[in-house]
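next come a sequence and a model predicted from it.
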Amino acid sequence: MLVPKSVVDITREHSIPMTSAYRKVKELKEFGLLKVDRIVLTEDGKKYELLRSTIRSASVQFNKGMLDVDVTANIEADEKLVKRFFALKEVK
C-alpha cells in the first residue's frame, strides 16, 4: 500500500523548493494524477493535505512511431479520476 504524503514530506524526500512542490502538486491534482487522501488538522488549528497518487505504475514505450502507454491504477484511487487519465491517453 502506498502511504499518503504531505507536500512538506515530498520536499524533504526529494530536496526540492517548497514553491516548486506546491505548483507541481497543484498541476498533478488538476490532471487527476494526485488526489487528497485526507485533510489533517493540527493542534494549533492549521490544516494540511495528505496526498495519494491515482497511479500505481506507468510504462511508456515509443516503438516504430507508436506510443504505447501501460498504466496500473492505484486500487484506492477514485474511479472517476482514473477514467479521466485514460481519456487523455486516447487523445491523438
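Sure thing, it's come through. Numbers count the residues shown, from 1 in each chain.

could you look up the SS state of Arg56?
strand (DSSP: H, G, I helix; E, B strand; the rest coil).

and it, how far is that from Tyr22?
24 Å (Cβ to Cβ, to the nearest Å). From N, CA and C alone the C-beta is placed, and that goes for glycine too.

how about Lys46?
The value you get for Lys46 to Tyr22, if Cβ to Cβ is used, is 15 Å.

Provide the backbone phi and psi angles at Asn63.
Asn63 has phi and psi values of phi -140, psi 120 when expressed as degrees, to the nearest 10.

residues near it, how many?
Residues lying near Asn63 (other Cβ atoms under 10 Å) number 7.

could you do the one 4 residues further on as well?
Using other Cβ under 10 Å, Leu67 has 10 other residues around it.

can you confirm it is in a strand?
Yes - if the criterion is three-state DSSP, then Leu67 is within a strand.

tell me who's in contact with it.
For Leu67, the contacting residues are 60-61, by Cβ atoms under 8 Å, 6 or more residues apart in numbering.

can you give me the helices in this structure?
For the chain, applying DSSP state H gives helices covering 7-14, 18-30, 79-90.

ok, back up a step: which one's more surrounded, Lys46 and Tyr22?
Counted by other Cβ under 10 Å, Lys46 and Tyr22 do not tie: Tyr22 has more neighbours, with 13 against 8.

if anything else comes up later, I'll come back, but that's it for now.
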